[in-house]
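Visitor: Generate coordinates for the sequence data below:
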Amino acid sequence: MSLEQLKKDVCAAIDGMKAELLDLSHSIHQEPELALQEFKSAEKLARATEHHDLKIQREAYGLKTAYVSEFGDKGPNIAILSEYDALPGIGHACGHNIIATSGLGAALGLAKLNGRLPGRVRYLGTPAEERFGGKEIVAREGAFEKVDAAMMIHPANMNLMTMPCIAISEVEVTYHGRAAHAAAMPYRGLNALDAVVQAYQSIAQLRQHIKNNERIHGIITEGGLAPNIVPERAACRFYVRAVDVHELAHLKARVQACFEGAAVATGCKVETKWGASDYLDMKTNWAIAQAYEDNATALGREFFPMKDVPPGFAGSTDMGNVSHRVPSIHPMLAVAPSNVIIHNAEFAKWAGSGKGDQAVLDGAKSLAMTALDLMMTPRLLETAKKDFEATKELSQNALAALHDPVTDHVPHAHGCGCA
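Guide: This next block holds a predicted model:
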């Protein structure tokens, strides 16, 4: 059986599941769930997998909302990923309902080849991308062992060969002061809200003196109980981003100094909890990415040139952590007009629209066809592995540096999410 015939057959199989895939995408879209709380979404996807006679393991790799299904007898082992968590307040404004069902569609389409499948597939449900770093968690439990390549798509407002990604770390900071009557005895109090504001302003000033590809942004999550009580407790959460985990470590140290300086200035005590694991930059495997672009182009997709992507246009994803373990791709698929940005309520509407539906089908087909390319084209897989090995030492160093020694002395919270 030729590669081209298998591609035609897998696309036909995905088209045959169109109604099921789109209904599932809409269902996940209508019931958004936050990271590590995606119980309904994970169960919907698991049941859909079982409906097509594939065995599935729920609560895989130590996470209650993760799952895995494996099939195929021999040949290259390709991991296809779904993610399905949403954002607080704005639902699927990152389009993870599309990621979920395109990954499912690709896996099911390949499974329909039955004995003609020229390789193996590990279909993974990876929760908690927006926070907590679900892919890093399952990776540490062996999710990508004996995998030759890993792939997923991500919705966007344009078609891109890869998602420009930088490393990211989350920090949750709590200041502890002393309450007092704000009018009668303010001198008896230590204002924790002042400490948060001082830290926020210090970081705002720091932002003037960081690199163009670095980012620091945050919110105040707790600011006191009443205006006439000196706040004895206040808190904030920040994301810190840099081009790679090594640059990130230096920037984290500077941000940490802002938090500690605010404590000294206000007399409050500070508790900083950095993420348990940083999100790494995306190590795109260009050979596989080119194969994906060729397949998506054959479906009618037109790709924006990576060389024309504006400097500083980048997000973050825990797929970066996967990409430093195995050859990986994370292409972007347009589901909205170019003026509609992700992490915006308007984007959530497009993720549930007809344009979003087309992305489910195109994404599933492109992933499945790229997996077939890897299974049936030894030269492509050899090139992908050779390119990965060329920077293997850098990847090993990046993975080893996930626990930043600058902040290892403080308790750790969990990591944070994409774009």
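Visitor: All the strands of the stretch 51-200 of the chain, residue numbers only.
Guide: Shown for the stretch 51-200 of the chain, the strands assigned by DSSP state E, counting those that start in this stretch span residues 57-58, 67-71, 77-82, 120-125, 149-151, 154-156, 167-176.
Visitor: export those to JSON lines and tack on distance to Phe238?
Guide: To be clear about C-beta, it is placed using only N, CA and C from the backbone, and glycine gets the same treatment. What follows is those, written out as JSON lines (distance: least, CB to CB, whole Å):
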{"stretch": "strand 57-58", "distance to Phe238": "34"}
{"stretch": "strand 67-71", "distance to Phe238": "32"}
{"stretch": "strand 77-82", "distance to Phe238": "28"}
{"stretch": "strand 120-125", "distance to Phe238": "29"}
{"stretch": "strand 149-151", "distance to Phe238": "30"}
{"stretch": "strand 154-156", "distance to Phe238": "24"}
{"stretch": "strand 167-176", "distance to Phe238": "5"}
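Visitor: nearest to His26, of these?
Guide: strand 154-156 (14.4 Å; CB to CB).
Visitor: quick one: contacts of that closest one?
Guide: For strand 154-156, contacts defined as CB atoms under 8 Å, 6 or more residues apart in numbering pick out 94-95, 98-99, 163, 317, 330-336, 342, 347, 351, 356, 359, 418.
Visitor: And these, which of them are buried?
Guide: Using 16 or more other CB atoms under 10 Å as the burial test, these include 94-95, 98-99, 163, 317, 330-336, 342, 347, 351, 356, 359, 418 as buried.
Visitor: still on that earlier bit, show me the contacts of strand 154-156 that map onto strands.
Guide: 332-334 (DSSP state E).
Visitor: which residue is nearest the centroid of the protein?
Guide: Thr317 (3.2 Å; CA atoms, centre = their mean).
Visitor: Quick check: phi and psi at the closest residue to Ala35 other than its chain neighbours.
Guide: Nearest residue to Ala35, sequence neighbours excluded (CB to CB, 6 or more residues apart in numbering): Ala128, at 3.8 Å. Phi and psi for Ala128, reported as degrees, to the nearest 10, are phi 60, psi 50.
Visitor: Is it correct that Ala128 is in contact with Thr65?
Guide: Yes: contact criterion CB atoms under 8 Å: Ala128 and Thr65 qualify, at 7.5 Å.
Visitor: who touches both of the two?
Guide: With CB under 8 Å, 6+ apart, Ala128 and Thr65 have common neighbours 36, 38.
Visitor: What's the local residue count around Gln290?
Guide: Neighbourhood size, Gln290 [other CB atoms under 10 Å]: 16.
Visitor: quick one: what helix or strand has it in it?
Guide: Here Gln290, judged by DSSP states H and E, is contained in helix 286-298.
Visitor: re the thing from before, help me confirm that the residue nearest to the centre of the chain comes into contact with Cys165.
Guide: Yes: at 5.7 Å, Thr317 counts as touching Cys165 under the criterion of CB under 8 Å.
Visitor: between those two, what contacts are shared?
Guide: 282, 330.
Visitor: Excluding covalently adjacent residues, which one is nearest to Ala66?
Guide: Ala60 (4.6 Å).
Visitor: now Ala107
Guide: Using CB to CB, 6+ apart, the closest residue to Ala107 is Tyr123 (3.7 Å).
Visitor: got the contact list for the one you found?
Guide: Tyr123 touches 49, 54, 68-70, 79-80, 82, 103-104, 107, counting by CB under 8 Å, 6+ apart.
Visitor: Report the contact partners of Val121.
Guide: Here Val121 is in contact with 70-72, 77-80, 107, 110-111, 371 (CB under 8 Å, 6+ apart).
Visitor: Tell me what it is bridged to.
Guide: Phe71, Ile78 (DSSP bridges).
Visitor: domain ranges for the chain?
Guide: What automatic domain parsing lists as the domains of the chain is 3-164+281-376, 167-278+403-413.
Visitor: and those domains, which one's lowest on average pLDDT?
Guide: Looking at the domains of the chain, the lowest mean pLDDT belongs to domain 167-278+403-413 (a mean of 91).
Visitor: Figure out how far that one is from the centre of its chain.
Guide: Centroid separation for domain 167-278+403-413 versus its chain: 24 Å, with CA atoms, centre = their mean, to the nearest Å.
Visitor: again, but for stretch 310-325
Guide: 8 Å.
Visitor: Tell me the buried residues in it?
Guide: Going by 16+ other CB under 10 Å, stretch 310-325 has these buried residues: 314-325.
Visitor: residue at max distance from the center of this protein?
Guide: Largest centre distance within the chain, by CA atoms, centre = their mean: Ala184, 49.8 Å.
Visitor: Look up how far Leu299 lies from Val255.
Guide: 43 Å (CB to CB, to the nearest Å).
Visitor: What is the burial count for Ile329?
Guide: By other CB under 10 Å, neighbour count at Ile329 equals 28.
Visitor: Can I get the ones in strands among the contacts of strand 154-156 in JSON lines including distance to Leu45?
Guide: Listed next are those as JSON lines, based on distance: CB to CB, whole Å:
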{"residue": "Met332", "distance to Leu45": "22"}
{"residue": "Leu333", "distance to Leu45": "19"}
{"residue": "Ala334", "distance to Leu45": "23"}
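Visitor: quick one: secondary structure of the closest residue in space to Gln198 that isn't next to it in sequence?
Guide: Sequence neighbours aside, Ala262 is the residue nearest to Gln198 in space, at 3.9 Å (criterion: CB to CB, 6+ apart). Look at Ala262: counting by DSSP: H, G, I helix; E, B strand; the rest coil, its state is helix.
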